[in-house]
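> pasting the sequence and the predicted coordinates here, then a few questions.
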Amino acid sequence: MTLLSENELKQVSDAIDLIERDTDAELVTVLAAQADDYRYIPLLWASLLALILPGALLFFTGWLAAWQLLLVQWLTFVVLAVVFRIPSVTSRLIPRSVRHWRACNLARRQFIELNLHHTVGGTGMLIFVSEAERYVEILVDQGISSRIDDSVWQSIVDTFTEDVRSGQVLEGFLSCIETCGSLLKQHVPATHERNELPNHLVVLE
């Protein structure tokens with residue numbers, strides 16, 4: 001993981017301060033190390049394979065007695081459960097759709113927990129990154145979505161996602177914030193000075 005240093009966190013905070021001078025939008029950024037610990041995944045795969053593999057061996061060869069089959073199943077489960085808990089192995093066992101589903105859920109929970117839905121004029125905006133899942137999402141409240149179509153954010157998300165995949169998380173954040181700031185300045189310009197939510201990057205480890 002390349003979670004950001006204190007100096008890099010300050011760069012993100014300063015970038016948010018800069019764009020919020022020109023817009024009524026309340027921008028919050030969240031960086032999560034991962035969306036889930038996926039502890040159940042190794043056990044799920046180990047259980048499934050412990051049932052299938054010894055059973056297949058018995059079916060095709062007939063070599064195992066009932067007690068031997070049970071012993072092999074238990075040994076298979078224990079060995080695979082240990083092997084599958086190795087992070088690099090675990091990540092390969094999780095379907096992309098599951099990883100993105102968990103990251104998507106976390107993004108929406110953060111939007112609510114950080115009170116982005118309670119801003120004056122509904123101008124809350126969340127830039128969310130889950131690094132392990134290489135997942136980026138931009139969520140906006142109705143005060144912004146009524147002025148900027150949601151499809152506009154997709155190209156920004158795609159670019160940021162590529163930055164995350166290449167390990168350029170800080171650069172991705174700064175570029176994303178700058179691009180979003182230009183759009184917000186044009187469509188949701190500042191009408192009065194306020195700062196309802198903190199501008200620092202929220203880090204979930």
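Looks like it arrived, so ask away. Residues are numbered from 1 along each chain as shown.

> show me what contacts the most centrally placed residue in the chain?
By Cα atoms, centre = their mean, the chain has its centre lying nearest to Ser130, at 2.6 Å. Contacts for Ser130 (Cβ atoms under 8 Å, 6 or more residues apart in numbering) come out as 32-35, 103, 106-107. Placement of C-beta: from N, CA and C, glycine included.

> again, but for Ile177
Per Cβ under 8 Å, 6+ apart, neighbours of Ile177: 12, 15-16, 19, 27, 29, 127.

> per-residue pLDDT of it, please?
If you check Ile177, the pLDDT there is 96.

> tell me the buried residues in the helix or strand harbouring it?
Assigned by DSSP states H and E, Ile177 belongs to helix 169-187. Residues 169-170, 172-177, 179-181, 183-185 are the ones in helix 169-187 that count as buried (16 or more other Cβ atoms under 10 Å).

> closest to Arg194 among the residues you listed?
Nearest to Arg194 among the buried residues of helix 169-187 is Leu184, at 14.3 Å by Cβ to Cβ.

> what pLDDT is listed against the closest one?
On the pLDDT scale, Leu184 gets 96.

> likewise for the one 5 residues further on?
Pro189 is assigned a predicted lDDT (pLDDT) of 95.

> how about it, phi and psi?
phi -70, psi 160 (degrees, to the nearest 10).

> identify the residues contacting it.
Pro189 touches 22-24, counting by Cβ under 8 Å, 6+ apart.

> secondary structure class for Val136?
Secondary structure, DSSP: H, G, I helix; E, B strand; the rest coil: Val136 is strand.

> where in this protein is the helix or strand with the lowest mean pLDDT?
Within the chain, no helix or strand scores below helix 87-93, which has a mean of 79 by mean pLDDT, DSSP states H and E.

> now list the buried members of the contacts of Pro189.
23-24.

> identify, from the contacts of Pro189, the entry nearest to Val72.
Nearest to Val72 among the contacts of Pro189, with distances taken as Cβ to Cβ, is Thr23, at 63.8 Å.

> hang on, the earlier thing: hmm, which two among the buried residues of helix 169-187 are most spread apart?
Val169 and Lys185 (24.4 Å).

> excluding its backbone neighbours, what's nearest Asn105?
Ala35 (7.4 Å; Cβ to Cβ, 6 or more residues apart in numbering).

> and the one you found, how far from Arg99?
Ala35 is 7 Å from Arg99, where distance means Cβ to Cβ, to the nearest Å.

> when the two are compared, which one has more neighbours?
In this comparison of Ala35 against Arg99, neighbours counted by other Cβ atoms under 10 Å, the higher total goes to Ala35 at 24 against 20.

> all helices for this structure, in order.
6-20, 40-61, 66-83, 87-93, 96-113, 142-145, 152-165, 169-187 (DSSP state H).

> now the ones you listed in CSV, with distance to Val120?
As requested, those are exported to CSV (distance: least, Cβ to Cβ, whole Å):
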stretch, distance to Val120
helix 6-20, 13
helix 40-61, 41
helix 66-83, 51
helix 87-93, 41
helix 96-113, 16
helix 142-145, 9
helix 152-165, 22
helix 169-187, 15
